[in-house]
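**Student:** My questions are about this predicted structure, shown below with the sequence.
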Amino acid sequence: MKSWSYGENNYARVEGDHIIHNGHAVSPNQFAQSFARSTRNAWQDLFIRRPGDKNFKIACRLRDELAAAAKAAAPALATRPAPEAMSIPTAAPPMPATSTATLPATPPSLPTAAPPRNTDPEPGWDLPERRKFRYRLEDVAY
């Protein structure tokens, strides 16, 4: 991972789930702001080189590529019929009354499609334009 700031590159390495910069585990935002003199957006400021990559890529582009790949994979999974052996049970097995274990979290429901937008014109929107000037005189900066 690297970032360019004030004419020099600053580097950090990823070990497991931690970003190590100057011997300390930091968040991406802390890494981006550790050498900058202002508030930074880590998605726009950090460049990442994964194992197998030749060049660094900006983090926001990697995020967009991963989102596009997930979006492309989602319809393919939805159209494929699921075998009966892989179906998700709808009810959890009953637990004994003396059990202190907690139930696993229920899987999140799939997002539903947004309702269609109302495109009917409201009263008054079909009237002709009455302004004579593009800007009000009060809005013009002197």
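**Tutor:** Looks like it came in fine. Numbers count the residues shown, from 1 in each chain.

**Student:** which outside residues touch stretch 38-55?
**Tutor:** Stretch 38-55 has contacts (Cβ atoms under 8 Å, 6 or more residues apart in numbering) with 1-5, 27-29, 31-33, 36, 56-60, 62-63. In this view, the C-beta of every residue, glycine as well, is placed from N, C-alpha and C.

**Student:** Among these, which are located in strands?
**Tutor:** Under the assignment DSSP state E, the contacts of stretch 38-55 contribute 2, 3, 4, 5, 57, 58 to strands.

**Student:** And the furthest pair within the residues you listed?
**Tutor:** 5 and 57 (17.8 Å; Cβ to Cβ).

**Student:** coming back round to it: can you select the buried ones from the contacts of stretch 38-55 in ChimeraX?
**Tutor:** Here is the ChimeraX command that picks out the buried ones among the contacts of stretch 38-55, judged by 16 or more other Cβ atoms under 10 Å:
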select :1,3,5,28,31,32,33,56,59,62
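
**Student:** I'd like the mean pLDDT over stretch 130-142, please.
**Tutor:** What stretch 130-142 shows for mean pLDDT is 68.

**Student:** measure stretch 49-65 end to end?
**Tutor:** 14 Å (Cα to Cα, to the nearest Å).
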